[in-house]
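Colleague: Pasting the sequence and the predicted coordinates here, then a few questions.
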There are 2 protein chains.
Amino acid sequence: MHNKYNNEAKVFVAVDCIIFGFDPNAEELKILLIKRNFEPEKGNWSLMGGFMEPGETLKEAANRVLNTLTGLENIFLEQLKTFSIVDRDPAERTISVAYFALINVVDFKDELYRDFSATWFKISEKPKLIFDHNDMVTLAMERLRFKASVEPIGFELLPAKFTMRQLQMLYEEIFEEKYDKRNFSKKVNSFGLLKRLDEKDKSSSKKGSFLYEFDMEKYKKRSNGFQIRHQIMN
Amino acid sequence: MHNKYNNEAKVFVAVDCIIFGFDPNAEELKILLIKRNFEPEKGNWSLMGGFMEPGETLKEAANRVLNTLTGLENIFLEQLKTFSIVDRDPAERTISVAYFALINVVDFKDELYRDFSATWFKISEKPKLIFDHNDMVTLAMERLRFKASVEPIGFELLPAKFTMRQLQMLYEEIFEEKYDKRNFSKKVNSFGLLKRLDEKDKSSSKKGSFLYEFDMEKYKKRSNGFQIRHQIMN
DNA sequence: AATTATAATTGTAAATAATACATTTATTTT
DNA sequence: AAAATAAATGTATTATTTACAATTATAATT
C-alpha cells in the first residue's frame, strides 16, 4: 500500500449511536438498542453502528446509520467521544466514535427498524451491551444531563405539542429527581421559550391541560443561546 | 490485506494536542505551538501531534506526544473531539482526535522543546494554524471555559503556591471578564479548597500577599466533586 | 524618623434567585 | 347534584449574587 505516511498504521473507524427517546404516554426516557446481526457478538444487544466510509465525515456516517435504522432525517446528533481501547473489538483493531442522538419516539414507524430487532428500553432496564457500549451509554447519560442543564434540548425529545406535565416528567427522568410543579412551571416559563396554545389535552384529566409549543424563533434570536453559568466566577 | 471486515476501509488516525499554560508572571493564558517539520505544510505553525500506533490507545498516544514535546508526565489531558472532514489533511485521509492539556508553564525546560521550535503564544496573538487546527483551538477554549466553570481546573495551570491575585488573573484570562476582587476571594474561599499558607510573596507589593495551596485532599473527599448546576431545573 | 507610595486585605447593604409549601378550579362521571 | 380527578396558581422565607471603598502592612524616599 502506497502513501505519504508510510511508516504509519491504518485502522478501522466505526460510529455507534446512543439514541434517546421520550415516550410521552409512559412518561419514560428510553434508549434504542438492536440485536447485532453479524460476527463477532452476533445476536447480542448493541448500539446501532457502522463503519465510516472513505467519502464521508464521521457525522455523515452517524447520520447514515441513524437514517438506516429509523428512516428519520435531521435528527439532533452530537459527537460524544472516541473509544480506542486496543482490543475493544476482538476481531480487528477498530476505534469507534460514539454519537448521541435525541428523537421523538412518536415520529417512529415500527416497520422501519423491525429488520434490526430494534427495541426501546427504559434506561434502568437496559440489557448488558457488547464491547464498550455500556461505557458509551453511561457517558451519553452524563452528556444528556449536562446538555439539558445548559440548552433547551428537552424539546428535541417531545412531540411538537406537549403538556407542562410531560415536560416536567421528561426533566425528572433525565435528572432522576422530582421537582415541585409550581416551581417547575415558574422556572420554565421564565425562559420565555414556551408558547401556551388555546388547546387542551384531555386524555389525562377531566379539566384537561393546556398544550405548549417550543418557541424556536425566540430561541434562535437569542443567538448566543443559553449561556453556561460560571460556577467559579459570576 | 486480510481481515474480518474486508469490505471496509482503514484510515490514518492522528492525535493533536491543544496545550494551555498560564504564565503567572506575565499573568497571561498561553498556548504552545510548534513549527511543523515534515510535509505537507512543513514550516507552518501547528499543534503538536502524531499518529496513533497499533498497540496504544488514543490517550496513550496523546500522552506520548506530549511527553516527547515537554518531557512532562501525568499532565491533565482530556479528549476534546475527533475531526474528520474528508480532505482535512491533503496528503492522506486522516482523522484526528484533539486532546486538550493543561500545564504549569513554570515546570518547563526550554531545551526540551527547542527541537520543535515550540513557542508559547498569548491566545489572542496566536498565528494561523495548519489544517483544521484553528477550529480545534476554538473548541478547546470553549471546553476550557466550561471545565473551569464546573471543576477547579485552575489549579492545573498554576504553580503549587500561588497568590489570590494570580488565581483571579487566571480566571479573568479564561473567561475574558473582570471580577471584583472582594467578591472573587469570597467566592473561591467559600468552596473550602484553598489553604492559605503562612508565607508571603513580596515580589509584587510592599505589603506582600499570602500564598495559597490547593487542598487536593479535600477535593478528592468530595468524591462527586463539583456538581454541574442545572440551569433548567434546580 | 517621618512621609509617601504600593498593592493587599477586608465587610455590608441591596437586589436577585431559589425554595418550600396548599388551595382553588374546570370538567367528567356517577 | 355530588364526587372524583388532575390542573392551575401565589406568597413568604431563605440563600446567593452583586455593587461598592476604606484600611492595612511594608518598603522606599525624604
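Modeller: Yep, that arrived. Residues are numbered from 1 along each chain as shown, chains lettered A, B, ... in the order given.
Colleague: how about the longest helix that chain A contains: buried residues?
Modeller: Ranked by residue count under DSSP state H, the longest helix found in chain A is helix A:133-150. Going by neighbour count (16 or more other Cβ atoms under 10 Å in any protein chain shown), the buried part of helix A:133-150 is A:133, A:136-137, A:139-141, A:143-145, A:147-150. Every residue, glycine included, has its C-beta placed from N, CA and C.
Colleague: Let me see the ranges of the helices in chain A.
Modeller: Applying DSSP H to chain A gives helices spanning A:58-70, A:110-114, A:133-150, A:154-157, A:164-175, A:181-190, A:216-221.
Colleague: so does the third one get close to DNA strand D?
Modeller: No: residues of helix A:133-150 contacting DNA strand D under Cβ under 7 Å from any atom of the strand: none, with a closest distance of 14.4 Å.
Colleague: anything in that helix sitting right up against chain B?
Modeller: Yes: Helix A:133-150 lies within reach of chain B by Cβ under 8 Å from any Cβ of the partner chain, at A:145-146, A:148-150.
Colleague: and what of the shortest one?
Modeller: Yes: contact check for helix A:154-157 against chain B, using Cβ under 8 Å from any Cβ: residues in range are A:G154.
Colleague: Can you tell me which helices and strands that helix packs against?
Modeller: Applying 3 or more Cβ pairs under 8 Å, 6 or more residues apart in numbering or on different chains; DSSP states H and E, one finds that helix A:154-157 contacts strand A:10-23, strand A:94-104, helix A:164-175.
Colleague: Mind listing what's buried along the helix or strand of chain A with the lowest mean pLDDT?
Modeller: Sorting the helices and strands of chain A by mean pLDDT, DSSP states H and E puts helix A:110-114 at the bottom, at a mean of 70. Applying a neighbour-count criterion of 16+ other Cβ under 10 Å, one finds A:Y113 buried in helix A:110-114.
Colleague: Name the residues of stretch A:37-55 that come out as buried.
Modeller: Buried residues in stretch A:37-55, counted by 16+ other Cβ under 10 Å: A:41, A:45-52.
Colleague: Stretch A:152-167 too?
Modeller: Neighbour-count burial for stretch A:152-167, counted by 16+ other Cβ under 10 Å, picks out A:152-158, A:161-167.
Colleague: now do stretch A:205-219
Modeller: A:209, A:211-215, A:219.
Colleague: Please apply the same query to stretch A:89-104.
Modeller: By neighbour count with 16+ other Cβ under 10 Å, stretch A:89-104 contains the buried residues A:89, A:93-104.
Colleague: Just name the closest of the residues you listed to B:C17, please.
Modeller: A:I95 (17.6 Å; Cβ to Cβ).
Colleague: beta partners of that closest one?
Modeller: Counting by DSSP bridges, A:I95 forms beta bridges with A:V13.
Colleague: Using PDB, list the CA coordinates for the least confident helix or strand of chain A.
Modeller: This file holds the C-alpha atoms of helix A:110-114, laid out as PDB (Å, rounded to 0.1, in the frame of the first residue of the first chain):
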ATOM      1  CA  ASP A 110     -42.100   0.200  13.700                       C
ATOM      2  CA  GLU A 111     -41.600  -1.400  10.300                       C
ATOM      3  CA  LEU A 112     -38.500   0.700   9.700                       C
ATOM      4  CA  TYR A 113     -36.500  -0.900  12.400                       C
ATOM      5  CA  ARG A 114     -38.000  -4.400  12.500                       C
END
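Colleague: Could you check how far that helix is from the centre of its chain?
Modeller: 18 Å (Cα atoms, centre = their mean, to the nearest Å).
Colleague: for stretch A:55-67, same thing?
Modeller: 15 Å.
Colleague: is it anywhere near chain B?
Modeller: Yes: judged by Cβ under 8 Å from any Cβ, stretch A:55-67 comes into contact with chain B at A:55-59.
Colleague: Enumerate the positions of that stretch that are buried.
Modeller: Using 16+ other Cβ under 10 Å as the test for burial, stretch A:55-67 gives A:57-59, A:61-63, A:65-66.
Colleague: domains in chain A, as residue ranges please.
Modeller: Partitioning chain A according to automatic domain parsing yields domains covering residues A:12-150, A:153-232.
Colleague: Least reliable of these by average pLDDT, please.
Modeller: Ranked on mean pLDDT, the bottom entry among these is domain A:153-232, at a mean of 87.
Colleague: hmm, back to that, between the buried residues of stretch A:89-104, which is nearest DNA strand D?
Modeller: A:N104 (19.8 Å; Cβ to the nearest atom of the strand).
Colleague: re the thing from before, out of the helices and strands packed on helix A:154-157, which comes closest to A:S117?
Modeller: Nearest to A:S117 among these is strand A:10-23 (14.5 Å), distances taken as Cβ to Cβ.
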